[in-house]
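**Q** fold the stuff below for me.
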Amino acid sequence: MGLSPNLAAFRAEMDAATRRCAFLDHAAIAPLSRRVREAMARFLDCRGSNDERLTDYMTIGERLRAAAARLIGATTEEIAIVQNTSHGLNLVAQSLPLRPGDNVIFCDMEFPSNVYPWMLLERQRRVEARCIPHDGGGLTLEALEAHADERTRVVAVSSVEFLTGFRTDLPALGQWCRQHGVFFVVDGIQSLGAAPLDVRECAIDFLAAGGAKWLMGPVGVGFLYVRRELLDRIAPPMAGCISVVDYENWRDYHLTFLPDASRFHLGGMNFDGIIGLLASIELLMETDIAAIHTHTLHLTDRLIADLTQRGYRIISNLAPERRSAIVTFAVPGDPLQAHARLKQAGVIVSLREGFIRVSPHGYNVEEEVARVGQVLGDAW
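**A** Below you'll find the predicted structure:
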């Protein structure tokens, strides 16, 4: 299957990476497109020469907030710019009105970014961080219902789990949380940019995502979504010079937080990172996130079929409703050696917990995913 015109244009933007290797590791840190690199370079040139065009960048934060909102079906007022996923999730955890004895439910397949903020609350406020067994690679409605009780106040989950690629049924979990008055917190970093996500359809209350994986932006910048109806129910755990109303009256020390999610902004921002992430989100939306999702599922279909024929054990959940752009499999013998062989052959993937994890994006082609099996050979 060839690339559509939009996907072919996306691939052309990735020429620096595709000339060098078969990059299949977008669940780690993605390469930057030409558009992103050029956008950041233009800003740095202006900054280096104190060019008068620097004033054109003063609204860049609002432009990123608006683009992130369009990406997830939110509004600009519901978006704050954060450093990364961990930053966003910690802001949420520290802002929620939780009391001793309340509990937060997450499963044992979560990345630490969505675990440690809740464990910290356990130390600080005696809020129980209730880690439950995964169900097929992630958190399901059935598992949640089996472990929730009258003191459950938060459900925390990844849209796609980092190790298995398990795709969470966000609408089902979100509806349960809304019906039970429970806060629904989502780590979106392993799906945003690779699959559509609408926070309204999924009844998500809070979502955080860094930009360096499937969003293909720079490291050190991301965004946080806060459902508008909850803004007055949460108390920001920090305050800075731009967190408050009418902040340019610098010595009017009133500490009246801004009415929207920008109340979480503290001060000077990562302008070059914001510029890069904005350029990447715009590129991905031009390409069409739904088309990217369809294409990556096609690529992983081909990969799974090839690996299965070669005798490899697939770790990822293969149920159609659980599939994502991440495929993880076991190799016989030393996984370090297998990973090293792939890297030496120019096939870039991850080694996670002794398994090989492959994560292609919309610009990758069948020949690149086929290289995994060709390099490793048959498992028997």
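**Q** is Asp260 in contact with Asp232, as I believe?
**A** No: Asp260 is beyond contact range of Asp232, at 10.8 Å (criterion: C-beta atoms under 8 Å). To be clear about C-beta, it is placed using only N, CA and C from the backbone, and glycine gets the same treatment.
**Q** these two: which is more packed in?
**A** Asp260 (17 against 9; other C-beta atoms under 10 Å).
**Q** Leu24 - how many residues pack around it?
**A** Using other C-beta under 10 Å, Leu24 is surrounded by 26 other residues.
**Q** contacts only, for it.
**A** Val347, Ile348, Val349, Val358, Ser359, Pro360, Asn364, Glu368, Val369, Val372 (C-beta atoms under 8 Å, 6 or more residues apart in numbering).
**Q** just Ile60 next, same as before
**A** Phe271, Ile274, Ile275, Leu278.
**Q** what is the helix or strand containing Val186 packed up against?
**A** Here Val186 sits within strand 183-187, counting by DSSP states H and E. Judged by 3 or more C-beta pairs under 8 Å, 6 or more residues apart in numbering; DSSP states H and E, strand 183-187 is in contact with helix 85-95, strand 152-158, helix 170-179, strand 206-210.
**Q** got a list of what the residue most central in space within the chain touches?
**A** By C-alpha atoms, centre = their mean, the mean C-alpha position of the chain lies nearest to Ile189, the distance being 0.7 Å. Residues near Ile189 by C-beta under 8 Å, 6+ apart: Thr85, Ser113, Ser158, Ala208, Ala209, Gly210, Lys213, Trp214, Gly222.
**Q** what's the answer for Tyr116, then?
**A** Residues counted as contacts of Tyr116 (C-beta under 8 Å, 6+ apart) are Ser86.
**Q** and it, what pLDDT?
**A** For Tyr116, the pLDDT comes out at 98.
**Q** equivalent analysis for Leu54, please.
**A** 76.
**Q** chain neighbours aside, what residue packs nearest to it?
**A** Nearest residue to Leu54, sequence neighbours excluded (C-beta to C-beta, 6 or more residues apart in numbering): Cys46, at 5.1 Å.
**Q** next, count neighbours for that neighbour.
**A** 16.
**Q** with the one 4 residues further on instead?
**A** Neighbour count of Asn50, defined by other C-beta under 10 Å: 7.
**Q** closest one of the contacts of Ile60 to Arg99?
**A** Set against Arg99, the nearest of the contacts of Ile60 by C-beta to C-beta is Ile274 (36.2 Å).
**Q** count of residues packed around the closest one?
**A** 24.
**Q** what about the closest residue to Glu13 other than its chain neighbours, how many neighbours?
**A** Nearest non-adjacent residue to Glu13, counting by C-beta to C-beta, 6+ apart: Ser33, 4.0 Å away. The number of residues packed near Ser33 is 25, by other C-beta under 10 Å.
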